[in-house]
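[1] Please work out how this folds:
(2 chains)
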Amino acid sequence: MPMEKTFNAAEAEPRLYAEWERVGAFRAGANAKPNADPFCIMIPPPNVTGSLHMGHAFNNTLQDILVRWHRMRGFDTLWQPGQDHAGIATQMVVERELAKSQQPGRREMGREAFLDKVWEWKEQSGGTIINQLKRLGASCDWDRNAFTMDAHFQQAVIKVFVDLYHKGLIYRGKRLVNWDPHFETAISDLEVENTEVAGHMWHFKYPLAGGETYEYVERDAEGEVTLREVRDYISIATTRPETMLGDGAVAVHPSDARYAPIVGKLCEIPVGPKEHRRLIPIITDEYPDAAFGSGAVKITGAHDFNDYGVAKRNGIPCYRLMDTRATLRADGAPYAEEAAKAQAIVEGKAFTEAEIDAINLVPDAYRGLDRFEARKAVVADITAEGLAVMVPVTTPDPETGEPVTSHVPYVENKPIMQPFGDRSKVVIEPMLTDQWFVDTAKIVQPAIDAVRDGRTVILPEQHEKVYFHWLENIEPWCISRQLWWGHQIPVWYGLDLFQTGFADDEGDNALDEVEIFRLLNEGAFNHGDPRHHCAADLDAVCEAFKAYLAALPAPLHAARVVEVADQHAAIEALATCLAEYNLSQDPTHLVYPVWRDPDVLDTWFSSGLWPIGTLGWPTDTPELERYFPTSTLITGFDIIFFWVARMMMMQLAVVDQVPFRTVYVHALVRDEKGKKMSKSLGNVLDPLELIDEYGADAVRFTVTAMAAMGRDLKLSTARIAGYRNFTTKIWNATRFAEMNGVFIGPRPTGIPQPRHTVNRWIIGETARVREAVDEALAGYRFNDAANALYAFVWGKVCDWYVEFAKPLFDGEDAEETRDTMAWVLDQCYILCHPIMPFLTEELWELTAPPIGRAKPLVHADWPTYRASGLLDPAADREMTWVISLIEEIRSARSQMHVPVGLRLPMVLVEADGAARTAWQRNESLIQRLARIDSLTEAAAPKGAITIAAEGATFALPLDGVIDVAEEQARLTKALEKLEKDLNGLRSRLDNPKFVASAPEEIVEENREKLALGDEEAGKIRTALARLADMG
RNA sequence: GGGCGCGUAGCUCAGCGGUAGAGCACUACGUUGACAUCGUAGUGGUCACAGGUUCGAUCCCUGUCGCGCCCA
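    This is a model prediction of the structure:
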């Protein structure tokens, strides 16, 4: 049955993929040669909520190319797939689903029920991206598909946390973190997008305490006084007036002479009830920029990263103003009491961090306000009180038109950088909270060293700089998230009974009523910070707590450790059992309640363990042994920090080995105008739609051909359509071969050894492209591989070889030509397969010899032949001559407007031996392709077009047809161009310095070019002279 | 402000010491034994600008001007 006219991708792709899966073609080690070297790629795990976008399509195409290429070459290959549980994103998706279906929300249903819902959702929808990757043709070992929340993976993550904790590399602390008020969780600074937005800078007066005054002097650059006045205030500029409520100080630069007189004094925060105005000190610090604003900066340590630094350096308290939703706090005592506590601190009273955090300095009137509402209120109140800095503004009177000067609050409109959550899109609030951190400074060095000394190579090289820069300035990594979906932190807390001064007064190993009463009624144990222990599970943690309990007075020392929900439940449980004990005096019911840290780990903490975790660590599995460290990681530059750097740090910290040998960082896929694809811009190309329309192979080939290292892809459907045409081209070349009986009958094994130049030539060209492809892929120059194949298949095989073969099928070389063509097409399928797996596999099967193929193409042996072995220089030279002669004739004919269909006689004017041989051996194909019907040897006839070939001159007699002027113009133009080149060559060769200093082969090459050019120029001049005679 | 990168044909981009290439687009012609998702031929470039190094610079160095991205 003859082949269809085009490849039906939509029909073939699912069928072929299913067959690959059926035979286990992608399994780890499939098609491996004995004792093969391993080759392993870890997929960058897509979010379980994810669906395939162009970035994935690009990223996974490149991975698949490397994997298929290695598998065909007989490596022991593993492409490890999997998904990431994506804490925030998944929780968001499921919460949205619940809301949509009118189900109770997360908080209503509680943690356990909610997590069940998440798992339910995961089972239903979590496989989306897997199927989409299959449509792309990704040859992952799906039997090994991993998930960061798999039981095994969870164990690995928890083990790493516990290990790092016990090594002192993880700690808990109250730190300023990026707080997402929408999700009510901390996020890492990498999850914050800083965007410039229109903002305002307000200027307010902070009155000096006790009405004190000073002389404020401003000078210009020359030191001349420009302003001198007596002030009773210090002027402060701020973009966030609502944070004034939490100010702990005003800071000026130590060198700022303007404020030197008042450093060390107190000033008043000009907001809040007048009778309870707080006083804060004026301090010096290097942070304020004297040239910016007024030069004086208010310090709100709990709500600004720079201020936090100043506060820490100077012992300034950090007052938290907001709750988890970034509304102004409504907890605590009335403002008057709280302000008094803060005042006591200024006056030197010692407070603990927890006590400071408990102070709510939000004036009663502002409590519960949204932060942006609070800002308005603060500004309005200060302005009303006359403490805004005023500036004169002159405007024309609306009636008289006379200029009128009035004073208005000084508010600058200026762009400010504002942090937004990359998922929630709400303004991120720096917030002082208790979080867990990885002490990255302690584990960063091995990750830096590994890249410095080349154990891991990052390509393209420029990304190494980015990597080093980030690691060398590493910040502690906040790994706790106030979410439910994820790996819950393996830390349990228990009440610290000692801290309260609890004791067995009589030392009688029994709690008497007085002692229990103290615990219960004074609730003393409620005040201290809880104790905590870290361990893989509750049993292990109980052991740790038992050591603590042992030191407690009897009978509490033997209390049973039980797990409760939280601190509140713990207090209640302890109270209950003590009360019961008081009645029963039965110590066996005494319990020591502990509760687990409710937070989960940053998703990147778990994906940081992806390489070892998916291979079975901590169990010493054969896979871990075999495939780790992995070979290559292919990823986008946007997650070098998020993921690559963290995998490097964590693998080195946990197993002391680099996770991969090479990191290939690819660029971004943009739209055809170079814009980032985004839903809001509506310029997103959906890879699945593109696959539907053009086929997966076309999409894959397109992104591969555009994958120049370090350069973004500007993708357009026109480009994809172009490469879809390329798939059709291969298809039709095969169809041609099929129609000419190429695939009928037995085929010789091995590389054909034909006699005819054409066949010998194409084999040499095939060897060339095989080397080019291997070299390109080895260097991660995917675009070079794709372009080499495109040029070979279309430009060599289809444009020339197929055309040359046509006459040969009728002659004595028909059989070897069929054999050669079958072999050449096989090589096309094999070499193109990593990039275009579907089309090539289909053709591989369609063109199978009668006895069938030994293996499917996905496992076909990748060739190793070399140009040095297969290329016949004589054939190569000859075919180059033939091709350029045909092109010359075609070009001349076309320019002379010779009708395409007209067959012309040709005259051989002169020729050397090589040219004569070349002609004789290829006469039929030249005649056919150049539309020549005969060749006679004669002097150049009058009125003929001249064709100059290497070593020969031909003429096409066109008496009467040719336009002399046009032919003159054609030849003159050719001569001019040639002369320009020749002049360049001559002047270079005439330069003694060139001959002396340029490499020998370059000089020789130039001489040859000059000689050849001179010969051709001579022929053209002769032809022009003849034309002149005619005129 | 700091860092990284990019300015090459109308467009998208390769090339990165030996005097410029591809694809698309465009123009003309064309159904020749596979392919109109095609064929043949052609038009089109001071390789951003200015200096420098070199026998020779699109390529290396310095500066200028534009444009991106990342980090403050």
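[2] need the residues of the stretch 51-200 of chain A near RNA strand B, please.
    Contact residues (Cβ under 7 Å from any atom of the strand) of the stretch 51-200 of chain A with RNA strand B: A:189, A:190, A:194. For every residue, glycine as well, the C-beta is placed using N, CA and C.
[3] Just the buried residues out of those, in ChimeraX syntax.
    Of these, the buried ones go into a single ChimeraX selection, burial set by 16 or more other Cβ atoms under 10 Å:
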select /A:190
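[4] So among the residues of the stretch 51-200 of chain A next to RNA strand B, where is pLDDT lowest?
    pLDDT is lowest at residue A:190 among those; the value there is 72.
[5] pretty sure that residue is touching residue A:641, no?
    Yes: at 5.5 Å, residue A:190 counts as touching residue A:641 under the criterion of Cβ atoms under 8 Å.
[6] Do you have the helices of the stretch 901-1031 of chain A handy? List them.
    Shown for the stretch 901-1031 of chain A, the helices assigned by DSSP state H, counting those that start in this stretch span residues A:913-930, A:964-990, A:992-997, A:1000-1030.
[7] do the stretch 401-550 of chain A as well
    Assigned by DSSP H, counting those that start in this stretch, the stretch 401-550 of chain A shows helices spanning A:444-452, A:462-472, A:513-521, A:538-550.
[8] list the contacts for the residue nearest in space to the middle of chain A?
    What sits nearest the mean C-alpha location of chain A, by Cα atoms, centre = their mean, is residue A:636, with 2.7 Å. Applying Cβ atoms under 8 Å, 6 or more residues apart in numbering, we find residue A:636 in contact with A:44, A:55, A:59, A:665, A:666, A:667, A:668.
[9] If we use 7 Å, what do you get?
    Residue A:636 makes contacts with A:55, A:59, A:666, A:668, as judged by Cβ atoms under 7 Å, 6 or more residues apart in numbering.
[10] Distance of the first one relative to residue A:386?
    Spelled out, that is residue A:55. The span separating residue A:55 from residue A:386 equals 56 Å under the rule Cβ to Cβ, to the nearest Å.
[11] Which residue ranges make up the domains of chain A?
    Following automatic domain parsing, chain A resolves into domains at A:198-416, A:492-596.
[12] which regions of the stretch 901-1031 of chain A lie under the pLDDT threshold?
    Applying pLDDT under 70 to the stretch 901-1031 of chain A flags residues A:960-961, A:1031.
[13] again with the stretch 101-250 of chain A
    Along the stretch 101-250 of chain A, no part satisfies pLDDT under 70.
[14] What ranges does it have for its helices?
    In the stretch 101-250 of chain A, the segments counted as helices under DSSP H, counting those that start in this stretch are A:106-125, A:128-136, A:151-166.
[15] Which secondary structure elements does the second one sit against?
    If I follow you right, that is helix A:128-136. Judged by 3 or more Cβ pairs under 7 Å, 6 or more residues apart in numbering; DSSP states H and E, the packing partners of helix A:128-136 are helix A:54-72, helix A:687-694.
[16] Spell out which parts of the stretch 401-550 of chain A neighbour RNA strand B.
    Residues of the stretch 401-550 of chain A lying near RNA strand B by Cβ under 7 Å from any atom of the strand: A:417, A:462, A:465, A:466, A:469.
[17] Go again with 10 Å.
    Contact residues (Cβ under 10 Å from any atom of the strand) of the stretch 401-550 of chain A with RNA strand B: A:415, A:417, A:419, A:422, A:460-466, A:468-470, A:473, A:475.
[18] Now the buried members of these.
    Using 16+ other Cβ under 10 Å as the threshold, A:419, A:460, A:463, A:464, A:466, A:468, A:470 are the buried ones among those.
[19] which pair in those spans the largest distance?
    Taking Cβ to Cβ, the two most distant members of those are A:419 and A:460; they sit 30.1 Å apart.
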